[in-house]
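Trainee: Here is my input; please provide its structure:
(2 chains)
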Protein chains: 2
Amino acid sequence: MRTRPLKVALLGCGVVGSEVARIMTTHADDLAARIGAPVELAGVAVRRPAKVRAGIDPALVTTDATALVKRGDIDVVVEVIGGIEPARTLIATAFEHGASVVSANKALLAQDGAALHAAAGEHGRDLYYEAAVAGAIPLIRPLRESLAGDKVNRVLGIVNGTTNFILDKMDSTGAGYQEALDEATALGYAEADPTADVEGFDAAAKAAILAGIAFHTRVRLDDVYREGMTEVTAADFASAKEMGCTIKLLAICERAADGASVTARVHPAMIPLSHPLASVRGAYNAVFVESDAAGQLMFYGPGAGGSPTASAVLGDLVAVCRNRLNGTTGPGESAYAALPVSPMGDVVTRYHISLDVADKPGVLAQVATVFAEHGVSIDTVRQQGKDGEASLVVVTHRASDAALTGTVEALRSLDTVRGVASIMRVEGE
Amino acid sequence: MRTRPLKVALLGCGVVGSEVARIMTTHADDLAARIGAPVELAGVAVRRPAKVRAGIDPALVTTDATALVKRGDIDVVVEVIGGIEPARTLIATAFEHGASVVSANKALLAQDGAALHAAAGEHGRDLYYEAAVAGAIPLIRPLRESLAGDKVNRVLGIVNGTTNFILDKMDSTGAGYQEALDEATALGYAEADPTADVEGFDAAAKAAILAGIAFHTRVRLDDVYREGMTEVTAADFASAKEMGCTIKLLAICERAADGASVTARVHPAMIPLSHPLASVRGAYNAVFVESDAAGQLMFYGPGAGGSPTASAVLGDLVAVCRNRLNGTTGPGESAYAALPVSPMGDVVTRYHISLDVADKPGVLAQVATVFAEHGVSIDTVRQQGKDGEASLVVVTHRASDAALTGTVEALRSLDTVRGVASIMRVEGE
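Mentor: As a prediction, the model looks like this:
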């Protein structure tokens, strides 16, 4: 074993960073044996240096992250600050000064992954980011390496623990969205400002990263259709139950049937209770991967939290250190397929639509005609009437999002349709 | 991209080998893009050359596997023959002649993994074998790389599809073992001689491989306690249901509570219906991994079959080819921890014991005394009497296998105990 240690600079020492530092210390012998050389924490860049950090030598703590990554003797920079800046500039600076980078930064990777990969390649360094998607769950590496000889057709997953906690709570207790969110906040599963989670921004960043790797194609954050889950109601869950379904916020990356394009989207959807994703509880994450040869695979585990995320960071750290000792790098960006990313209108799926309609003869015929005119085939219809008002629940066969949107517009213009109570996609069948 | 192709020798062209050859041809462009150089099928060694093999150039087919691996221009040997010999000698010869090896051979890896890794290391070549455990499911790579910075404490899995199909059938239809086996055979899920599957030999080989990687310790096939599932009865399933459980054949690799030793075992066990492994249906496989930092992870997918196994083989092929182009090798054997493997008697778990007893007062007191004398604490007891005979179902708290064995021996010697109808371990709680 090499005795000269590899030097690691840690950027950020919050929930994840402090766990990374702790495990680097407590598991130092194991890490050295697995890497083939000791790893040494050479510096820790933080915003608040006065904060007491158990187990971290105060002499290592600095507020000058830029000086730390520019030192020139750093082998690996671990970036767990999050957000776009200063993380982006620090990573670019790290490559320029000869370090490889391990990052947990989904927002940055989703927005600037291509440029960061290019910078890593230019300097012959590694950029690893298993922790950026689904916390501890090995997902980037299996997609990028284990399935490298296969053709992935679909990635379908629960990649945000906060929203899964909320939806699971609504499902199991009948609570409304606000009540479930309040509980998630009280228990620390939701942040004070939950927008990034509940509006699907976090999941959309992960979808962009997963789609890019799965389809060997650049998928930008802007390419991902995004719909949050703040408008999911207790009534939606009741409807889902009647269909033998539950509701999850899903990230879905698909190759089109002809293989010539891909789509990526995040939205709430009904999935059958028999689908393995339906039983993913609480803040857990799980991702289904469908490929030509392997068939259906699922990866399940904690999608967030300090320790789980640190596990993923440290797995990458070991890999990057091994590469460094071998004078090589792991697989970089693979975007050779360069498939076009189709807009949401091209996505084909099934729909569950609840309409408030006038309770009089002929309404169903009118509604059915609108669906037929837009080429959307109806699977089932359920009518319920009370006091001159009635509701109509329509479940369609597979149709494009554009056709469905056209149908809904036309339905809204019917005199007999008082309102469209909800539209929800049905996935996983 | 390099234009000179990497040359692949395929040993075996059965269900898996023919799929590997097919995908290498149909996905040639994708593989080349992902590797950075084309890969060429340079030869296919088979036993029956006369058999027609669609899509394989007959000029590549040979019965002389030894000559093929000795050619000297082979970059990667893919071994999908199975069994110990001639596979072992061919792999050794491949290393001697400069090739890296991708293998799907669990029996060989479990028996001679250390020697094969040593040979690979001596010649600076790779030995990859993702396909040897749980077919298409990425498991070896996540354990060996993604969790390389974590400490794995337990691997608990369904790693044999044949027995899971049989047990699932027994559970869902109330069928007996023989009836369910006959159906598995008729549908092609069980071989004509099902011994390797139903007696747990196949799962034990996989447990040895998984334990070795998870604990960075050599675990030989002989170190794995093995109990088949041929004696599981419909009555056992009825008992399991009463406990809110089902029965699965599990491979369990555990680190002892003090961290100083490990165990590996394969046997049927009850697991709660709420455990994710309980809902693994048909011939699917799934493996739970518990680690210090990541917590609980699960990997799920098809555990066998030509295409899924080929997916795993090709993932390894891409990795090995990339390493070759980079002039490096991936992680080799990691056995530095060298923990002792404890015997089955040291395993601590819970037990479900059915006793046939005389239906008279005092029997329960006698039985309870025997448990107490052996230090096995009882969780619940259920008595059922009819016609002078009675049954007693005891579920214990956690106790060592040695203590349980002593308890059962003593119970058998009681006059009032007519027989021990079944003993089953309870896992996953």
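
Trainee: Find the helix or strand that the closest residue to residue A:336 other than its chain neighbours is a member of.
Mentor: Of all residues not flanking residue A:336 in the chain, residue B:33 sits nearest, at 4.2 Å (Cβ to Cβ, 6 or more residues apart in numbering or on different chains). Glycine gets a C-beta too; all of them are placed from N, C-alpha and C. Taking DSSP states H and E as the definition, residue B:33 sits inside helix B:28-35.

Trainee: what's in contact with that helix?
Mentor: Among residues not part of helix B:28-35, those counted as contacts by Cβ atoms under 8 Å, 6 or more residues apart in numbering or on different chains are A:148-149, A:151, A:216, A:331, A:334, A:336-337, B:1, B:6, B:24, B:38-39, B:314, B:317-318, B:321-322, B:325.

Trainee: quick check: longest helix of chain A.
Mentor: Taking DSSP state H as the assignment, the helix of chain A that covers the most residues is helix A:306-325.

Trainee: Report all helices and strands that that one contacts.
Mentor: Using 3 or more Cβ pairs under 8 Å, 6 or more residues apart in numbering or on different chains; DSSP states H and E as the contact criterion, the secondary-structure elements in contact with helix A:306-325 are strand A:6-11, helix A:15-26, helix A:28-35, strand A:76-79, strand A:100-103, strand A:127-128.

Trainee: just how off-centre is the shortest one within its chain?
Mentor: So the one you mean is strand A:127-128. 18 Å (Cα atoms, centre = their mean, to the nearest Å).

Trainee: Say whether chain B is contacted by it.
Mentor: No: using Cβ under 8 Å from any Cβ of the partner chain, strand A:127-128 stays clear of chain B, with a minimum separation of 10.4 Å.

Trainee: Show me what that strand is packed against.
Mentor: Using 3+ Cβ pairs under 8 Å, 6+ apart as the contact test, the elements touching strand A:127-128 are strand A:100-103, helix A:106-122, helix A:306-325.

Trainee: again with the fifth one
Mentor: Using 3+ Cβ pairs under 8 Å, 6+ apart as the contact criterion, the secondary-structure elements in contact with strand A:100-103 are strand A:76-79, helix A:87-96, helix A:106-122, strand A:127-128, helix A:306-325.

Trainee: Strand partners (parallel or antiparallel) of it?
Mentor: Taking DSSP bridges as the criterion, strand A:100-103 pairs within the sheet with strand A:76-79 (parallel), strand A:127-128 (parallel).

Trainee: want to throw these into JSON lines with mean pLDDT and mean neighbour count?
Mentor: Listed next are the strands paired with strand A:100-103 as JSON lines, based on pLDDT from 0 to 100; neighbours: other Cβ atoms under 10 Å in any protein chain shown:
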{"stretch": "strand A:76-79", "mean pLDDT": "98", "mean neighbour count": "28"}
{"stretch": "strand A:127-128", "mean pLDDT": "98", "mean neighbour count": "27"}
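
Trainee: about what we covered before: now the helices and strands packed on strand A:100-103 as CSV including distance to residue B:408?
Mentor: Below are the helices and strands packed on strand A:100-103 laid out as CSV (distance: least, Cβ to Cβ, whole Å):
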stretch, distance to residue B:408
strand A:76-79, 53
helix A:87-96, 60
helix A:106-122, 53
strand A:127-128, 51
helix A:306-325, 40
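
Trainee: Which one, of the ones you listed, ends up nearest to residue A:368?
Mentor: For those, distance to residue A:368 was read as Cβ to Cβ. The smallest value, 41.5 Å, belongs to helix A:106-122.

Trainee: Next, the angle from that closest one to helix A:87-96.
Mentor: Direction vectors for helix A:106-122 and helix A:87-96, defined by axes from the mean of the first three to the mean of the last three Cα atoms, to 10 degrees, enclose an angle of 20 degrees.

Trainee: near chain B at all, helix A:106-122?
Mentor: No: with Cβ under 8 Å from any Cβ as the threshold, helix A:106-122 lies outside contact range of chain B, at a closest distance of 12.3 Å.

Trainee: so of the helices and strands packed on strand A:127-128, which one's packed in deepest?
Mentor: Using mean count of other Cβ atoms under 10 Å in any protein chain shown, the stretch among the helices and strands packed on strand A:127-128 with the largest mean neighbour count is strand A:100-103, at a mean of 28.

Trainee: distance of residue A:22 from chain B?
Mentor: According to Cβ to the nearest Cβ, to the nearest Å, residue A:22 and chain B sit 9 Å apart.

Trainee: cool, residue A:26 as well?
Mentor: Here the distance between residue A:26 and chain B works out to 9 Å (Cβ to the nearest Cβ).

Trainee: How many residues are close by that residue?
Mentor: 13 (other Cβ atoms under 10 Å in any protein chain shown).

Trainee: can you pull the contacts of it?
Mentor: Going by Cβ under 8 Å, 6+ apart, residue A:26 touches no other residue.

Trainee: quick one: contacts of stretch A:251-264?
Mentor: Counting by Cβ under 8 Å, 6+ apart, the neighbours of stretch A:251-264 from elsewhere in the structure are A:152-160, A:203-204, A:206-208, A:210-211, A:214-215, A:217, A:219, A:223-225, A:265-266, A:269, A:339-344, A:346-348, A:427.

Trainee: Quick check: buried residues in it?
Mentor: When neighbours are counted by 16 or more other Cβ atoms under 10 Å in any protein chain shown, the buried residues of stretch A:251-264 are found to be A:251, A:252, A:253, A:254, A:255, A:256, A:261, A:262, A:263, A:264.

Trainee: How about the contacts made by the nearest residue to residue A:308 once chain neighbours are set aside?
Mentor: Closest residue to residue A:308 in three dimensions, ignoring its sequence neighbours and counting by Cβ to Cβ, 6+ apart: residue A:136, at 3.4 Å. Contact analysis of residue A:136 by Cβ under 8 Å, 6+ apart lists A:301-303, A:305, A:307-309, A:311-312, B:293-295, B:297.

Trainee: and residue A:136, that one's in a strand?
Mentor: No: assigned with DSSP: H, G, I helix; E, B strand; the rest coil, residue A:136 falls outside any strand and is coil.

Trainee: Show me what the lowest-mean-pLDDT helix or strand in chain A is packed up against.
Mentor: Every helix and strand in chain A was compared by mean pLDDT, DSSP states H and E; the lowest is strand A:378-386, with a mean of 87. With contacts defined as 3+ Cβ pairs under 8 Å, 6+ apart, strand A:378-386 has these neighbours: helix A:363-373, strand A:389-396.
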